[in-house]
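[1] Quick one, structure for this:
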Amino acid sequence: MDHAAETRAFLTSRRAGISPQEAGLPAQGTRRVPGLRRAEVAQLAGISVAYYARLERGDLSGVSDQVLDALARALRLSEHDRTHLESLARTAGMGHRHRRRPAATATVRPNVQHLLDSMTGPAFVVNGCGDVLAANALGRILYAPMIESAGDTTPNHARFTFLDPGSRQFWGDWEGAADNLVALLHAQAGRDPYDKGLTDLVADLSTHSQEFRTRWAGHGILQFHQGAKVIQHPDAGLLHLSYETLDLPGDGLILFTYGAEPGSDSEDALRVLASRAAEPDLAPGSAEPSPE
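    Next up, the predicted model:
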């Protein structure tokens, strides 16, 4: 993934999303493209037009925290956007020390699997590309359509969502799930644009999904720690679930688990699925998603 192109597209998209009126500037002359001009962003950030043009061309090497702060204010960046900009700047500062790395082996430490198996709710471990690398028995039942769709490959949230028509029934809010996934992939691209697995995934989805291409061009950014999901499960029906995440920094992975509101129909449905998860063929450690 081209770091300069990612930086250029991100800054251009944010500049295009702000009108002069919103920025407190007079709208002078006819504009061929929406949003602010480069000179207006430079004015708002207190930097030269030539310097901002260099930044927007994708060269963030040596940029100071003060300039990042000024850009964030000028472009009205959200917290997630500001974090993404900082990630892009850090990567630029590494210069040529970065190389396009091979895809990492999809493995999860035994202790992490034991932790998953000890959890009472559906629990998973995923990487920054959305690969489901491990799950407990209840998690495998909850994600059965995604796992079955993957066949002999590693289940992946984005491939399932954009390439399997069945995902539109599985996700109760498909549009929201699709938007969030692309935003998360953009955030991963900012953290590690040299991730071969991510580059290959984006190329594949861009080739085969217009829905993905449209969203990828929007450059939405999202960092998630908790939230809500609606799932239309083939066996349990409509589930309204909340999720929490836990970073595993030593592994570069994310653990997350689903839960339901106490006393709700969704909690009852999870209990039914949990009884199935206790069956011998779905005991902890069996039928796990196979790594590629």
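[2] And the lowest mean pLDDT element among the helices and strands of the protein?
    helix 79-93 (a mean of 80; mean pLDDT, DSSP states H and E).
[3] Which elements pack onto the next helix or strand after it?
    Per DSSP states H and E, the first helix or strand lying C-terminal to helix 79-93 is helix 110-118. Helix 110-118 is packed against strand 123-126, strand 132-135, strand 253-259, with contacts defined by 3 or more C-beta pairs under 8 Å, 6 or more residues apart in numbering; DSSP states H and E. Heads up, the C-betas are built off the backbone N, CA and C, glycines and all.
[4] closest one to residue 89 among the ones you listed?
    Checking the helices and strands packed on helix 110-118 against residue 89 by C-beta to C-beta gives strand 253-259 as the closest, at 23.1 Å.
[5] buried ones in the next helix or strand after the closest one?
    Downstream of strand 253-259, the next assigned helix or strand under DSSP H and E is helix 265-277. Residues of helix 265-277 classed as buried: 266-267, 269-270, 273-274, 277 (neighbour count, 16 or more other C-beta atoms under 10 Å).
[6] just stretch 235-252 next, same as before
    Quick answer for stretch 235-252 (16+ other C-beta under 10 Å): 236, 239-241, 243, 251.
[7] residue contacts, residue 44?
    The contact partners of residue 44, taken as C-beta atoms under 8 Å, 6 or more residues apart in numbering, are 23, 25, 36, 70, 73-74.
[8] Quick one, which of those are buried?
    For the contacts of residue 44, a burial check counting by 16+ other C-beta under 10 Å picks out 23, 36, 70, 74.
[9] Tell me how far the third one lies from residue 26.
    Applying C-beta to C-beta, to the nearest Å, one obtains 21 Å for the distance of residue 70 from residue 26.
[10] Could you pull out the strands in the stretch 101-250 of the chain for me?
    Ranges of strands within the stretch 101-250 of the chain are 123-126, 132-135, 226-233, 237-248, based on DSSP state E, counting those that start in this stretch.
[11] quick one: low-confidence ranges for the stretch 1-150 of the chain?
    Regions of the stretch 1-150 of the chain meeting the criterion pLDDT under 70 cover residues 1, 29, 93-106.
[12] Let's see that with 80 instead.
    Counting by pLDDT under 80, the ranges of the stretch 1-150 of the chain that qualify are 1-3, 27-33, 80, 87, 91-106.
[13] Likewise for the stretch 151-292 of the chain?
    Residues of the stretch 151-292 of the chain that meet the criterion pLDDT under 80 lie in 187, 189-194, 217-226, 278-292.
[14] same thing but 70
    Scanning the stretch 151-292 of the chain for pLDDT under 70 picks out the ranges 220-224, 280-292.
[15] Turn the contacts of residue 44 into TSV, columns for secondary structure and distance to residue 205.
    Formatted as TSV, those follow (DSSP: H, G, I helix; E, B strand; the rest coil; distance: C-beta to C-beta, whole Å):
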residue	secondary structure	distance to residue 205
23	coil	34
25	coil	38
36	coil	30
70	helix	34
73	helix	33
74	helix	32
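[16] before we move on, the earlier item: which of the strands of the stretch 101-250 of the chain sits closest to residue 184?
    So among the strands of the stretch 101-250 of the chain, strand 123-126 is nearest, using C-beta to C-beta, at 9.7 Å.
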